[in-house]
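K.L.:
Structure of the sequence below:
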Amino acid sequence: MRFNTFLRWLALAILLLAGCDEAPPPDLSKQVVATSPAAPLTLTFWHTQTGAAAASLNALANDFHRAYPKITVRAQSYDSESDLLRRGIAALAENKPPDLIIASHRMIAEFARKDALASLDSLLNDPAIGLTDADRSDLFPSILEAGRLADLQNQMYAFPFDARAVVMYYNADLLKSAKVDVPPRTWDQFGTAARSTTKGNVRGWAMVPNAAVFYAFLFSRGGSALNEMQTQVQFNGAAGMQTLQLISALSKGDAAYVADNTESAYGDFSQGKTALLFGTTDDLLPISDLIVRTNASLQWGVTNIPQNDPSHPVTAIYGARVAIFRTSNERERAAWLFARWLAAPEQAARWSRTTLAVPVRISAYPLLANNLPASLPLQRLRDGFGNTLPIGRAMPSVKDAALIDVAIVEMWTAVANGTDPTAALNRATQRVNRLLGQMP
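P.N.:
This is a model prediction of the structure:
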C-alpha cells in the first residue's frame, strides 16, 4: 500500500476547507446483505459524537436499515466518555445495556473488565458473517489486532471504526535552506535537521510533550511502552533511553524547546519559527487553516515520524472502535452486522469525509479524492512522503493507562528542562511499575 493513497486522505482536509460537498450515499443495492435475524429487532447504539459526526452516524444507521430491513438501529449521543461510562454502568446494574457502543479503546477496555462485552473472536471467524481473508488484508495495517486486550486472555473486544495516527509536520522551506534531508526519515537525520535549522529566532523542534507521541517514538525505534501482557514497564529499554537522550541533547543545544501549549506550537510552526512538529492526523485541519490564514506561501508537509528502519515504518494509532455488549446470540450477531457494515469501504469513506479520520479500509482511500488540483499544497509536497503505509500500534489500555500517560509526559518535560535522562527514566519506571502492581 503506497502513501499516495494516504496522501489522498490528507488532501481531503484541504478539499473540505475549500467547501467541497460530501459525495452522495453509496448504492446500497450493490452491497452484499449477509444473514439477517429471523424476526425484526431494534438495536440501541451509544456514542459521544456531536455535530456533523453525529448526523453522519444517524444517516449511516438509517442506510444500514435499508440494507438490512429487519434491523433498526437507534443511536444515542452522550456528552463525554465519562458520561457514557457512568450511564453504561447504571444500565448494566439494571440489566439494560445498549447493544453496542462506539468509543475509545480504553473506554471499551473498562467495560470489558466488567465482563459486560461480547468477545468478537467467534464473530470475526464466523463462516457466514465473519471477515474474509480479503477483508482482513484490506484493513489498515495491524488495526484489527490492536483491538485485543492482553490482560483479558488477548481476546478481541474492540472492532476498528476509524483511526488517528501520530505524524510529523515539517517546514520544507527551513529544511531546504539548511541543506538537510526533506523530510528527515531517520532519527539521525531528524537530529541533524533540528540543529541545522536552529538559527536566530528559529528553533528546530517545537515540543508538545504528549504520551501518544512518545509511544510512537518508542515504536519507531523498535521498542514498547509495556510488555506484551501490559504488566511491566518496557519504555526503560534502549528505545526509551535513546529518545530521552535526543530530547536532552536538542534541548541543551537550544534546537528544541517545550511550547507553552499546543496552540502556541501551531502558531510558531505556521509563522516559520520552528521547522519540526509532532502531532496526530487530527492536527492537520487546524494547522492547515492557520497556515492559510497567516502564512499561505509557506511550503510545508506532513509525513510519517522518523524511524530506525524507514522501510518498515511504525507509529502509534488511536481512534474510535465498536464494542458489542453481552445480550443474546441473536442481538450480538445483529450488532456485529452493523459493526462490520460500518467498516466497509463505502461507509469508511463516508465517515472520513465528515471527520477526516483515517479510513480503516485501504480500499476506501481511492473513494475519497481523485485528480488533486495542482494548486493544493499537499500536491506539491507529494515527494516528501514515504513509500509505505505505517504499521499502527495501540497505546496501553490497562486500568491506569491515563496515569501512565501522565508519568510519560512529566518524564519528557523534566528531561527537556534539564533533568538527567537516566534519573528521569528510572523515576518514571518505578512510578509506572507501582501502578502496574509490580512494586510495593
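
K.L.:
And for the nearest residue to residue 89 once chain neighbours are set aside, the neighbour number?
P.N.:
Excluding the flanking residues, the one nearest residue 89 by CB to CB, 6 or more residues apart in numbering is residue 114, at 7.5 Å. For every residue, glycine as well, the C-beta is placed using N, CA and C. Burial of residue 114 is recorded as 12 neighbouring residues (other CB atoms under 10 Å).

K.L.:
Residue 114 and residue 398: what is the separation?
P.N.:
Counting by CB to CB, to the nearest Å, the separation of residue 114 from residue 398 is 15 Å.

K.L.:
same question, residue 185
P.N.:
With distances defined as CB to CB, the gap from residue 185 to residue 398 amounts to 32 Å.

K.L.:
Residue 39 now?
P.N.:
41 Å.

K.L.:
Please apply the same query to residue 288.
P.N.:
35 Å.

K.L.:
Comparing these two, which residue is more hemmed in?
P.N.:
Counted by other CB under 10 Å, residue 288 and residue 398 do not tie: residue 398 has more neighbours, with 23 against 20.

K.L.:
so where's the protein uncertain?
P.N.:
Within the chain, the ranges that satisfy pLDDT under 70 run 1-36, 368-388, 439-440.

K.L.:
where does the one residue sitting closest to the centre of it land in three-state SS?
P.N.:
Centroid check for the chain by CA atoms, centre = their mean gives residue 164 as the closest residue, at 2.3 Å. Under DSSP: H, G, I helix; E, B strand; the rest coil, the three-state class of residue 164 is strand.

K.L.:
Report the spatially nearest residue to it, omitting neighbours in sequence.
P.N.:
residue 319 (4.7 Å).

K.L.:
wait, residue 395 sits on residue 280?
P.N.:
No. Counting by CB atoms under 8 Å, residue 395 stays clear of residue 280, with 11.5 Å between them.

K.L.:
what residues are shared contacts of those two?
P.N.:
212, 318 (CB atoms under 8 Å, 6 or more residues apart in numbering).

K.L.:
Now do the contacts for residue 61.
P.N.:
Neighbours of residue 61 in contact, by CB under 8 Å, 6+ apart: 45, 73-75, 338.

K.L.:
What ranges does this structure have for its strands?
P.N.:
41-47, 71-77, 100-104, 148-149, 155-156, 159-160, 164-171, 203-207, 256-258, 274-280, 300-303, 314-318, 320-324, 391-394 (DSSP state E).

K.L.:
For residue 424, see how far away residue 413 is.
P.N.:
Distance, residue 413 to residue 424, using CB to CB: 9 Å.

K.L.:
In terms of neighbours, single out the busier of those two.
P.N.:
residue 424 (22 against 15).

K.L.:
Tell me how far the more buried one lies from residue 265.
P.N.:
Counting by CB to CB, the gap from residue 424 to residue 265 is 22 Å.

K.L.:
for residue 409, same thing?
P.N.:
14 Å.

K.L.:
Who are the contact partners of the spatially closest residue to residue 327 that is not a sequence neighbour?
P.N.:
Residue nearest to residue 327 in three dimensions, not counting chain neighbours: residue 99, with 6.2 Å by CB to CB, 6+ apart. Going by CB under 8 Å, 6+ apart, residue 99 touches 43-45, 324-325, 327, 331-332, 334-335.
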